[in-house]
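Visitor: I need the structure of the sequence given here:
(one chain, ligands or ions: 2)
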Amino acid sequence: MNQFAIITRNFSRSSAVQSAIKNVTVIGGGLMGSGIAQVAAQAGQNVTLVDDGEKFVAEAIARIKTNTDPAAASQEADLIVEAIVENMDVKHQLFKKLDAVAPGHTIFASNTSSLSINEISSVVKEDRQNNDGILRHKDLNSHLSTYSLYLHLFGGLHFFNPVPVMRLLEVVRGDKTSDDTYNTMMEWGKSVGKTCITCKDTPGFVVNRLLVPYIAEAIRLFERGDASARDIDVAMKLGAGYPMGPLELADYVGLDTNKFILDGWHSKYPEEPLFKPIPLLNKLVSEGKLGVKSGEGFYKYEKK
Ligand SMILES: CCCCCCC[C@H](O)CC(=O)SCCNC(=O)CCNC(=O)[C@H](O)C(C)(C)COP(=O)([O-])OP(=O)([O-])OC[C@H]1O[C@@H](n2cnc3c(N)ncnc32)[C@H](O)[C@@H]1OP(=O)([O-])[O-]
Ligand SMILES: NC(=O)c1ccc[n+]([C@@H]2O[C@H](COP(=O)([O-])OP(=O)(O)OC[C@H]3O[C@@H](n4cnc5c(N)ncnc54)[C@H](O)[C@@H]3O)[C@@H](O)[C@H]2O)c1
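Guide: Ligands and ions are numbered 1, 2, ... in the order given. Predicted structure coming up:
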């Protein structure tokens, strides 16, 4: 894999909260990963951004120094945040690889929108001591020679788009996430300026469990012809105080992403009516109408 790493230091701090995490590696330099790297760098942490392609956004490149040593990217990390493609097999391949090189104290987190943290983490090693016996805090910054990932050091850190603007961070506890890992993730989230909430590893955690069915219902309402797209969006902005209407938000997030999440949950929970496929959504995606990024979804957009 032609991995590419970016290393940055000496950013001004955006939050008064300090974290035990000093070195953060973000894997996946796309929409979310570049934003996560930005907020961590602004909090004064050393950030390494790793991607297997050339897709770093120009904004991130301008702010972050580059280096091409992916091994160093994980070997010095106190925290690794994975923000690569939303595909279980690809995430498993990545974590298996990291399992061989990451220091024993490194916390692993996934920014997944819709996949299970327990399932993603199933490829990493069980905690050998089956408790919190590893002196993780003592070991921080001490360049350990023990290399292994442990399940108790694994959790979810779910950011929201656009990362620099959205104030929430969902901290997801997997079945095996230790108290120590959870507390460090909460503290780190605060240090990068986010308000953290705690979630169990259930589909969509809190926000997406509510947001995905809400958007799906808005699409069904439009599909039935009950109201125009514009009126549905105006209704929710002015009647419920949302910054974007549901169809605007669906276009913003990407209709392919909307469909991907619904399809995944529908296949796992076929009896749940809220997750049932939506013919109009499937049609738009099959026509390449993916929302803002393709120039058309429920609305048309001028291509930049
Ligand atoms: C089926 C459902 C599927 C769900 C998919 C799940 C996805 C995922 O898991 C969860 C999510 O993220 S769910 C999605 C969750 N997300 C939502 O729900 C988003 C809902 N939408 C919003 O909150 C607002 O419309 C925006 C903040 C996007 C834009 O704000 P606005 O007032 O309409 O327009 P404005 O006046 O232009 O900008 C205001 C300020 O923001 C700044 N800025 C803007 N974009 C930026 C960027 N990319 N970067 C940096 N900064 C950016 C801008 O510079 C300005 O700063 P200033 O310092 O004040 O000048
Ligand atoms: N887009 C959103 O609104 C949003 C919000 C919250 C969470 N998420 C989640 O964040 C993750 C990333 O989403 P995104 O929107 O940033 O995607 P994206 O496509 O913009 O970025 C993913 C990046 O990962 C890189 N990549 C893929 N496989 C890799 C690998 N094995 N090693 C290194 N880099 C690799 C790609 O080259 C790409 O640059 C997904 O799990 C997604 O569900 C997305």
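Visitor: who in the stretch 51-200 of the chain is up against ligand 2?
Guide: Counting by CB under 6 Å from any ligand atom, the stretch 51-200 of the chain comes close to ligand 2 at 51-53, 55, 83-86, 90, 94, 111-113, 159, 161. From N, CA and C alone the C-beta is placed, and that goes for glycine too.
Visitor: where does the protein dip in pLDDT?
Guide: By pLDDT under 70, the weakly predicted segments of the chain are 1-15, 54-72, 126-149, 304.
Visitor: helices along that one, start to end?
Guide: Using DSSP state H, the helices of the chain run over 31-42, 58-63, 70-75, 88-99, 117-120, 136-139, 179-191, 207-223, 229-240, 246-253, 255-268, 279-286.
Visitor: list the buried residues of the first one.
Guide: For helix 31-42, a neighbour-count test (16 or more other CB atoms under 10 Å) marks 32-42 as buried.
Visitor: using CSV, please lay out those residues together with distance to Glu296.
Guide: Converted to CSV, the buried residues of helix 31-42 look like this (distance: CB to CB, whole Å):
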residue, distance to Glu296
Met32, 23
Gly33, 26
Ser34, 25
Gly35, 25
Ile36, 29
Ala37, 30
Gln38, 29
Val39, 31
Ala40, 34
Ala41, 35
Gln42, 34
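Visitor: now, which of those residues sits nearest Asn183?
Guide: Lowest distance from Asn183 to those (CB to CB) belongs to Ala40, with 18.0 Å.
Visitor: need the contact list for the closest one.
Guide: Ala40 is in contact with 24, 26, 47, 192, counting by CB atoms under 8 Å, 6 or more residues apart in numbering.
Visitor: and what of Ile117?
Guide: 110, 154-156, 172, 174, 177, 201.
Visitor: tell me the residue of this structure that sits nearest ligand 2?
Guide: Closest to ligand 2 within the chain is Gly30: 1.8 Å, counting by CB to the nearest ligand atom.
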